[in-house]
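*Asks:* I would like to see how this sequence folds:
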Amino acid sequence: MRYDNPMFAGSYVAIATPMQPDGSLDLAAWERLLDFHCRGGTRGIVVGGTTGESATLAEDELRLLVQRAAAQAEGRLAVIAGAGTSSTAGTVERVRRMSGWPVDGLLIVTPSYNRPTQEGLYRHFAAAAEAAGVPVILYNVPARTAVDLLPQTVGRLSQLPRIAGVKESVPAMERIRELIARTPPGFAVLSGDDATAREAVAAGAVGVISVTANLAPAAMAEVMAAAAAGDPGRAAQVDAGLAALHQALFLETNPIPVKWALARMGLIGATLRLPLTELSAAHHAALERALRAAGVVLN
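*Replies:* Here you go, the predicted structure:
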């Protein structure tokens, strides 16, 4: 029987990981971020995803962030942890361990660099799902991983008991519609592209895992709620104020711009772990204009 969890809908945030100037975790800033999202209408957080600098987080750091988030949110936010690696055996072991953490689900990205076939992708995710003790959300982001998890493969995977949804970052509505057509009712198709998330919900997706929501959680939550309620006019009106921000957050590699912006808001410091570096000065003015256009209050 397919696993069905209706919590995976609405505005989720791919949350940034705050760090001290020396690169260690900033747990005081983590508490501020969590409170910001609890107040802002965010439905859930993805800890240790791309925006959370997953490639440079140690597993014990990820576990600490998850534990703190679950304790502070007290059910107000769903907590999903990034669990994917490029090795199937490594992913299986990681999923098995992380299923014992206080998480509502695990996000598993397509294996990067080794570029498996669709059959290889199916077997990779099937093995991870079999090891999981919590729902699994597939994550397709070809621009990062150099491999595309195709809708027919998602359709096969959607029949497995623990696989509850997919974060789809290909910004094409025909892709969203095909995913919905190939998966059973209740399977959560989530947009991974802020600029087209409103259109994705109109096409049948149930929500977004957002970068923009790091900075404007209430607005992103309202866009998703209006789109889901069948009010495209309101969704478009609110989203129009965010349009410049959707674009500006990718002036340089994510999460470079979003961490600079969060620092300008006074929520965290701007520290990233190498090989990521601080936002180039040439982009400061454009990102600040986009933040102000979105109604984000800066320090």
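
*Asks:* Quick check: the gap between the closest residue to Pro232 other than its chain neighbours and Ala235.
*Replies:* Once flanking residues are discounted, Pro232 sits nearest to Ala202: 6.1 Å by C-beta to C-beta, 6 or more residues apart in numbering. The C-beta positions use only the backbone N, C-alpha and C, and glycine is treated the same way. Distance of Ala202 to Ala235, given as C-beta to C-beta, to the nearest Å: 8 Å.

*Asks:* Next: Ala16.
*Replies:* From Ala16 across to Ala235, the span is 25 Å (C-beta to C-beta).

*Asks:* can you check Ala261 too?
*Replies:* The value you get for Ala261 to Ala235, if C-beta to C-beta is used, is 23 Å.

*Asks:* ok, the two, which is more surrounded?
*Replies:* More crowded of Ala261 and Ala235, by other C-beta atoms under 10 Å: Ala261, with 29 against 23.

*Asks:* any idea which helix or strand comes after the helix or strand encompassing that one?
*Replies:* Using DSSP states H and E, Ala261 falls within helix 256-264. Once the chain leaves helix 256-264, the next helix or strand it forms, by DSSP H and E, is helix 284-293.

*Asks:* residues in contact with that following helix?
*Replies:* Residues from elsewhere that reach helix 284-293 (C-beta atoms under 8 Å, 6 or more residues apart in numbering): 215, 241, 244-245, 247-249, 251, 257, 260-261, 264-265, 279, 298.

*Asks:* try 6 Å
*Replies:* Ala244, Leu245, Ala248, Pro257, Ala261 (C-beta atoms under 6 Å, 6 or more residues apart in numbering).

*Asks:* How about stretch 243-259?
*Replies:* Against stretch 243-259 from outside (C-beta under 6 Å, 6+ apart): 16, 51, 194-195, 211-212, 214, 270, 272, 276, 279, 283, 286-287, 290, 293-294.

*Asks:* ok, now with 8 Å
*Replies:* With C-beta under 8 Å, 6+ apart as the contact definition, stretch 243-259 has outside contacts at 16, 50-53, 194-195, 211-212, 214-216, 261, 268, 270-272, 276-280, 283, 286-287, 289-291, 293-294, 296.

*Asks:* Show me which of those residues are buried.
*Replies:* 16, 50-53, 194-195, 211-212, 214-216, 261, 268, 270-272, 276, 279, 287, 290-291, 294, 296 (16 or more other C-beta atoms under 10 Å).

*Asks:* Enumerate every residue touching Asp26.
*Replies:* Counted by C-beta under 8 Å, 6+ apart, Asp26 has contacts Pro18, Met19, Gln20, Ile268, Gly269, Thr271.

*Asks:* I'd like the residues you listed as a markdown table, with distance to Ala29 and pLDDT appended.
*Replies:* Shown next, in a markdown table, are these (distance: C-beta to C-beta, whole Å; pLDDT from 0 to 100):
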| residue | distance to Ala29 | pLDDT |
| --- | --- | --- |
| Pro18 | 4 | 98 |
| Met19 | 8 | 98 |
| Gln20 | 9 | 97 |
| Ile268 | 4 | 97 |
| Gly269 | 7 | 95 |
| Thr271 | 10 | 97 |
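
*Asks:* Let me see the ranges of the helices in the protein.
*Replies:* 27-40, 59-73, 88-98, 118-131, 142-145, 151-157, 173-182, 197-202, 217-228, 232-248, 256-264, 284-293 (DSSP state H).

*Asks:* which one of the ones you listed lies closest to Met7?
*Replies:* When the helices of the chain are compared by C-beta to C-beta, helix 59-73 sits nearest Met7, at 12.6 Å.

*Asks:* List the buried residues of that closest one.
*Replies:* By 16+ other C-beta under 10 Å, the buried positions in helix 59-73 come out as Glu61, Leu62, Arg63, Leu65, Val66, Arg68, Ala69, Ala70, Gln72, Ala73.

*Asks:* Right, I'll call it a day here.
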